[in-house]
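Student: here is my input, please return the structure:
(2 chains)
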Amino acid sequence: MYQWRVAAQGGGPSRPACSRATGVACEVVRYSGGMSTRCAWTLLEAARGMLALAALAVAGGCPDHALPVVDLGETVASASPHAASVPVLRLAVGAMTSPEATFTSYIDLMHLLEVQLGGSATLVLRRSYGEINALLLRGEVDVAFICSGAYVKLVDEGDVELLAVPLVDGRPHYRSDIIARRERGARDFAELRGLRFAFTDPLSNTGRYYPMHLLQQMSEQPATFFSAVVFTGGHDTSIAAVQDGLVDAAAVDSLIFDHLQRTNPERVRDLWVVQHSPDFPIPPVVVRAGFDALLKQRVRETLLALHTLERGQGVLRELHVDRFVQGDAADYLALQQMIRDVDRAFGAPR
Amino acid sequence: MPRLRVPIATQLVAVLVAGVLLFASMHLVVLRLLITPVLHGVAEQRSQGLARMLAATLVEPLLVDDALEVRQQLRRALEQRDLHYGLVLDHERRVVATTFDRGVPLALLQAPASPARESSRLVQIGGDVVRDIWMPIAAGRLGVLRLGVDEDQIERAIATASRWLLLMVAAFLLVGSVAAVTYGRHLTRPLLAVLDGLRRFRLDQPAVPLPVTRHDEVGDLTRAVNDVLARLKLGHDELAAAQASLGETEKLASIGLLAAGVAHDINNPLAGMRNALQRIRAAPTHVEQTAAYVEMMLDATQHIEQVVRALLDMARRAPVQRAGVEVVAVAERARRLCAHRAERGGVELILASGLEGYWLWGDGNRVVQVLVNLMLNAIDVLPQGGHVLVTARQVGDRVEVCVDDDGPGIPEPMRARVLEPFFTTKHAGQGTGLGLPVSKMLIEEMGGTLQLEQAALGGTRVCLQLPRSEQHATAATATQDQTGGAAAVVSTGEPASGS
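Tutor: Presented below is the predicted three-dimensional model:
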């Protein structure tokens, strides 16, 4: 190459001699009219390089050779889903909010209880209050956070004990909010006639029993009063359904609605409360009948002392609860009556 | 290394082939090294997006321990895509759902390096290229989704694309080569026509302009060639005309040189005539004296006539007329014209006896001109007492007439140059230097040759050869010997007052 450059830079029409190695191709290039030999040589070199590269690429560039081989031949039988270790506490949460949100909120409480109890715990979530109730009755979960309505039903059917109740805004009460899209202009429940309505859960106090109670008082049937009825399974789902216009109105937990208004107001911006209920006793924490007494005591103590622990305060914030107090089963009697009346009027949910 | 002539069509094909191969190899390189990873990257993004979406739908069923729902979701995903396998593990790495009928492969139960993060890698399963995706569910707290997505179609697509590319390259090479050869021919046809025209060009034939068929550089070339050839022809014609007139010029120059001699030749007899007339006038009644003097005056008149005729003949501008020419006659005429200068220079002009009987075929006047020129050249270089000899002999079917002198001769290096026009060793005013080349031209015009030969007398020898004139050949010529040399002296250069 050097030889060529020197010769070419010598100027004038002289042409450098072609080395033996390049042979005929070089001669062809030499006689290619006005192309400078230097330029042509560069082109030739480039072409040779490209061809070599291409050959390499075609021949050896296949990624297959570099890939690890996975042998699917060696198998194990699917492991049966049995727990490696038996937990000391099986904590259940009824789906007041969506399961994922519930999970996030309660998993830390579970871990804290594990520490206090000195053993492992599991968190059990279910889509409906009925499933939680069934688990409690079968003794498959030990402690459960359930809706007031579900608690009342449980009391009728089996053996559960009130373990603790939360205080929100300093009170052990909550309400049912009948919400609707603002532009409907409805001022009370009666103006919801002919609209699409969302309940949450069949066993939900705020999400079903209260509006059914209202219908009962008006001597109406949900199927005829409303144009359509759906069960959303969760309060936040019902709120979203009304906000998105899938339904026109719903009955939801006031705690949840108030929380949303404070933290995510844009999710409730088109909604207002058509009517609230009177105060209901707040959803309690219950324990099944046959649970180990010592453990039961330990759990209760932990819950009641939560607000005193630093870690516990973080958990309480996640749960949007001020603190837990003992609670009194007698507070739920009035609610029990309302629910019995509704069941008698419309039939008990399965 | 031998020089290789590569026709334009071949050059075009070579360039085409090189270009196409370069193009093809670049594309193959791009396909293999650039596009394949890009496609895999895109496929990876899509597959991981799918895995992420599927994992999101599995959160709720996993939370509520709905294994059935998990299995259904997995199965639904399998139906819609090229899923090789699917696997859902809970947070304790136990299998919740799987697409395998008989047991789960051990290899798939092993977690990757960072199990808390989503990852994917390409693996080879039974000869297929599969993307193995590890997707934690709810940041791993609920479990892991493991999917195997087929990416073999990428390899197949690339292979297909490569094959199509090579097919197109082959087709293009084929079509392109044909096109290149055809266009090469189209390009070179007018060039070859120009070449052919140039080869057939003759200076002595009228120039036929080459047809201009193209409106590009080739057309320009053709026009330029036509222009050059026309100018060449014109130049040649002018040169020929100039050469023709050179002959005249030289002749006139010679005449100029001879003028003094001619004048002297005329003057002498005239002086004699005047003398005679004066004597007659002095004694008009002396009849015998008058008769003698009248004879003398008639001789003198004849002498003048001959000299004048010789000069006129020489000066006449006439086209070449060929006829039988007696050598001894033209030699005598030339001698007579140069006699005065020869005498002045002290040089003896000798015509050999062997000149008799030789007849050549040519233009007598021109031969005289040439001989005069040769004689004058010799006289100019010879010192006092030099000799110029004119001989003749037969060479084949030609007659050779040579003019020898015993002068200094022409030095070797100048021998070739003396036949060049305007080359002269004489001083200005003495000679034009045209003599020899023009003489050569005149002789060659008559179909003869003129050249310098080895001097017999030691000086210069110039010989001209012309075709022999058959009809006038005599028996005497057959006996002449071939060797040049002095023969019996016939006459001496003595411009006497008549003989």
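Student: from now on I want contacts and neighbour counts done on CA atoms only, so please keep to that.
Tutor: Will do.
Student: and the one helix or strand B:Val20 maps to, what does it pack against?
Tutor: Element membership for B:Val20 (DSSP states H and E) is helix B:8-29. In terms of contacts (3 or more Cα pairs under 8 Å, 6 or more residues apart in numbering or on different chains; DSSP states H and E), helix B:8-29 is packed against helix A:37-60, helix B:152-200.
Student: and the angle from the last one to helix B:8-29?
Tutor: Just to be clear, that refers to helix B:152-200. Orientation of helix B:152-200 against helix B:8-29 (axes from the mean of the first three to the mean of the last three Cα atoms, to 10 degrees) gives an angle of 170 degrees.
Student: output the contacting helices and strands for the next helix or strand after helix B:152-200.
Tutor: Moving toward the C-terminus from helix B:152-200, the next helix or strand (DSSP H and E) is helix B:217-282. Under the contact criterion of 3+ Cα pairs under 8 Å, 6+ apart, helix B:217-282 touches helix B:152-200, helix B:287-315, helix B:327-345, helix B:364-381, helix B:435-445.
Student: closest to chain A out of the ones you listed?
Tutor: helix B:152-200 (8.7 Å; Cα to the nearest Cα).
Student: hmm, the closest one touching chain A?
Tutor: No: Helix B:152-200 is not in contact with chain A by Cα under 8 Å from any Cα of the partner chain; minimum separation 8.7 Å.
Student: which strands and helices lie in contact with that helix?
Tutor: helix B:8-29, helix B:36-63, strand B:128-137, helix B:217-282.
Student: winner for burial among those?
Tutor: strand B:128-137 (a mean of 24; mean count of other Cα atoms under 10 Å in any protein chain shown).
Student: strands of the stretch 201-350 of chain A, residue ranges please.
Tutor: Using DSSP state E, counting those that start in this stretch, the strands assigned to the stretch 201-350 of chain A run over residues A:228-231, A:249-253, A:271-276, A:280-281, A:285-288, A:323-325.
Student: return the most buried member of those strands.
Tutor: strand A:249-253 (a mean of 30).
Student: could you give the angle of that strand to strand A:271-276?
Tutor: Using the same axes, to 10 degrees: strand A:249-253 against strand A:271-276 is 70 degrees.
Student: distance from the chain centre to strand A:249-253, please.
Tutor: When distances are taken as Cα atoms, centre = their mean, to the nearest Å, strand A:249-253 is centred 20 Å away from the chain's centroid.
Student: that strand packs against which elements?
Tutor: strand A:176-181, strand A:196-199, helix A:235-243.
Student: TSV for those, including mean pLDDT, mean neighbour count and distance to chain B?
Tutor: Putting those into TSV (pLDDT from 0 to 100; neighbours: other Cα atoms under 10 Å in any protein chain shown; distance: least, Cα to the nearest Cα, whole Å) gives the following:
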stretch	mean pLDDT	mean neighbour count	distance to chain B
strand A:176-181	95	26	26
strand A:196-199	96	26	20
helix A:235-243	93	23	14
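Student: and the helices and strands packed on helix B:217-282, which is most packed in?
Tutor: Scoring the helices and strands packed on helix B:217-282 by mean count of other Cα under 10 Å, the most buried comes out as helix B:364-381, with a mean of 24.
Student: quick one: average pLDDT of that one?
Tutor: Mean per-residue pLDDT for helix B:364-381: 87.
Student: which residues of the stretch 151-300 of chain A score low on pLDDT?
Tutor: Low-confidence segments of the stretch 151-300 of chain A, defined by pLDDT under 70, are absent.
Student: partner strands of the top strand by length along chain A, with direction?
Tutor: Ordering each strand of chain A by length in residues (DSSP state E) puts strand A:160-167 first. Paired strands of strand A:160-167, with direction, are strand A:285-288 (antiparallel), strand A:323-325 (antiparallel) (DSSP bridges).
Student: contact partners of the shortest one?
Tutor: Judged by Cα atoms under 8 Å, 6 or more residues apart in numbering or on different chains, the contacts made with strand A:323-325 from elsewhere in the structure are A:Ala164, A:Val165, A:Pro166, A:Leu167, A:Val168, A:Leu303, A:Leu304, A:Ala305, A:Leu306, A:His307, A:Leu316.
Student: in contact with the most centrally placed residue in chain A, which residues?
Tutor: Central residue of chain A (Cα atoms, centre = their mean): A:Glu100, 2.7 Å from the mean position. A:Glu100 sits next to B:Val59, B:Glu60, B:Leu63 when contact means Cα under 8 Å, 6+ apart.
Student: now with 7 Å, please.
Tutor: Applying Cα atoms under 7 Å, 6 or more residues apart in numbering or on different chains to A:Glu100 gives the contacts B:Glu60.
Student: residue contacts, B:Leu374?
Tutor: B:Val403.
Student: can we see that at 10 Å?
Tutor: B:334, B:368, B:380, B:388, B:402-405, B:435-436, B:439, B:461-463 (Cα atoms under 10 Å, 6 or more residues apart in numbering or on different chains).
Student: what sits against B:Gln321?
Tutor: So B:Gln321 contacts B:Trp361, B:Gly362, B:Asp363, B:Gly364, B:Asn365, B:Arg366, B:Met446 (Cα under 10 Å, 6+ apart).
Student: show me which of those residues is closest to B:Leu221.
Tutor: The nearest member of those to B:Leu221, counting by Cα to Cα, is B:Met446 at 40.4 Å.
Student: the closest one contacts B:Val370, correct?
Tutor: No: B:Met446 lies out of contact with B:Val370 (Cα atoms under 10 Å); the separation is 12.0 Å.
Student: residue contacts, B:Ile125?
Tutor: A:Leu67, A:Pro68, A:Val69, A:Val70, A:Asp71, A:Leu72, B:His84, B:Arg131, B:Gly148, B:Asp150.
Student: ugh, wrong one, A:Glu161
Tutor: A:Val143, A:Tyr151, A:Leu154, A:Val155, A:Val285, A:Val286, A:Val287, A:Arg288, A:Ala289, A:Gly290, A:Ala329.
Student: how about the last one: what's its closest non-neighbour residue?
Tutor: Beyond its immediate neighbours in the sequence, the residue positioned closest to A:Ala329 (Cα to Cα, 6 or more residues apart in numbering or on different chains) is A:Leu162, lying 6.5 Å away.
Student: for that neighbour, list each beta-bridge partner.
Tutor: A:Val286.
Student: separate out the buried members of the contacts of strand A:323-325.
Tutor: A:Ala164, A:Val165, A:Pro166, A:Leu167, A:Val168, A:Leu303, A:Leu304, A:Leu306, A:His307, A:Leu316 (16 or more other Cα atoms under 10 Å in any protein chain shown).
Student: now those in JSON lines, with distance to B:Gln73?
Tutor: Formatted as JSON lines, those follow (distance: Cα to Cα, whole Å):
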{"residue": "A:Ala164", "distance to B:Gln73": "38"}
{"residue": "A:Val165", "distance to B:Gln73": "38"}
{"residue": "A:Pro166", "distance to B:Gln73": "37"}
{"residue": "A:Leu167", "distance to B:Gln73": "40"}
{"residue": "A:Val168", "distance to B:Gln73": "39"}
{"residue": "A:Leu303", "distance to B:Gln73": "38"}
{"residue": "A:Leu304", "distance to B:Gln73": "41"}
{"residue": "A:Leu306", "distance to B:Gln73": "40"}
{"residue": "A:His307", "distance to B:Gln73": "42"}
{"residue": "A:Leu316", "distance to B:Gln73": "35"}
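Student: ok, so of those residues, who is nearest chain B?
Tutor: A:Leu316 (21.3 Å).
Student: didn't B:Asp404 look like it was pressed against B:Ala392?
Tutor: No: using Cα under 10 Å, B:Asp404 is not in contact with B:Ala392, being 11.1 Å away.
Student: quick check: buried residues in whichever strand or helix holds the residue nearest to the centre of chain A?
Tutor: Assigned by DSSP H and E, A:Glu100 belongs to helix A:99-117. Within helix A:99-117, the residues that qualify as buried are A:99-100, A:102-103, A:105-114, A:117, counting by 16+ other Cα under 10 Å.
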